[in-house]
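>>> any chance you could fold what I've pasted below:
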Amino acid sequence: MGDFTIRVGHAEFEPGAEIAALSGNPAAGAIASFVGLVRNYGDDAHVTALELEHYPGMTEAELGRIVGEARERWPLTAATIIHRVGYLPLGEPIVLVVVASGHRRDAFAACEFLMDYLKTRAPFWKKEYYRDGTSRWVDAKDSDDEAAARWMAQ
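Model (predicted):
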């Protein structure tokens with residue numbers, strides 16, 4: 001029925017190796033992926049790192065529900081979601097979503113759906129650290145909620 005993998009933890013991951021792992025299925029005609037990185041953004045931002053926290057068990061269960069919903073919407077042959085937690089310096093990979101399907105449109109749509117829902121429904125909390133030694137917890141963004149809401153109409 002396919003390989004559907006969810007990993008949440010501190011361990012680093014290699015996006016290329018994870019993508020290659022899904023390439024062996026002959027039913028997979030397309031693979032779409034997304035890698036999210038710790039970034040410094042805005043003209044006056046001085047982000048040096050992020051810290052991500054989650055509720056073990058609850059987070060994986062919610063990611064499993066999100067993958068299940070994607071599988072109901074698109075004919076997926078495999079999917080991998082990896083999300084790191086803990087302290088992550090600037091430039092480090094945070095999240096990887098890889099989706100395999102028979103057709104590119106299904107793979108692209110499912111990948112985007114998974115990332116949109118991951119940003120809004122998965123129980124992660126993010127703290128930004130700044131060059132001046134301060135830090136703050138980051139609130140959810142309205143733009144993320146709007147991105148996820150468009151899938152409800154489909």
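>>> show residues contacting the lengthiest helix in the chain.
Identified as the longest helix of the chain according to DSSP state H is helix 104-121. Outside helix 104-121, the residues within contact range by Cβ atoms under 8 Å, 6 or more residues apart in numbering are 29-34, 36, 62-63, 66-67, 69-70, 73-76, 79, 81, 83, 95, 97-101, 140, 144-145, 147-148, 150-151. No exception for glycine: its C-beta is placed from N, CA and C like everyone else's.
>>> pLDDT (mean, whole number) over it?
Averaging pLDDT along helix 104-121 gives 94.
>>> next one: that helix to chain centre, how far?
Centroid separation for helix 104-121 versus its chain: 9 Å, with Cα atoms, centre = their mean, to the nearest Å.
>>> next: stretch 82-93.
12 Å.
>>> and what of stretch 50-68?
With Cα atoms, centre = their mean, you get 10 Å for stretch 50-68.
>>> now stretch 126-141
Worked out by Cα atoms, centre = their mean, stretch 126-141 lies 20 Å from the chain centre.
>>> buried members of the contacts of helix 104-121 into PyMOL, please.
A single PyMOL command is used to select the members of the contacts of helix 104-121 judged buried by 16 or more other Cβ atoms under 10 Å:
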select buried, resi 30+31+32+33+34+62+63+66+67+69+70+74+76+79+81+83+95+97+98+99+100+101+147+148+151
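>>> quick one: residue 77 from residue 118, how far?
Residue 77 is 20 Å from residue 118, where distance means Cβ to Cβ, to the nearest Å.
>>> ok, residue 100 next?
Distance of residue 100 to residue 118, given as Cβ to Cβ: 17 Å.
>>> quick one, strands of this structure?
Applying DSSP state E to the chain gives strands spanning 3-9, 30-37, 47-54, 76-84, 86-89, 93-101, 124-130, 135-137.
>>> the fourth one packs against which elements?
Going back to what we said before, that points to strand 76-84. Helices and strands touching strand 76-84, by 3 or more Cβ pairs under 8 Å, 6 or more residues apart in numbering; DSSP states H and E, are strand 3-9, helix 15-22, strand 47-54, helix 58-73, strand 93-101, helix 104-121.
>>> got the buried residues for the first one?
The one in question is strand 3-9. 4, 6, 8.
>>> which outside residues touch that strand?
Under the criterion Cβ under 8 Å, 6+ apart, residues 13, 21-22, 25, 54, 56, 59-60, 63-64, 67, 71, 76, 78-85 lie in contact with strand 3-9.
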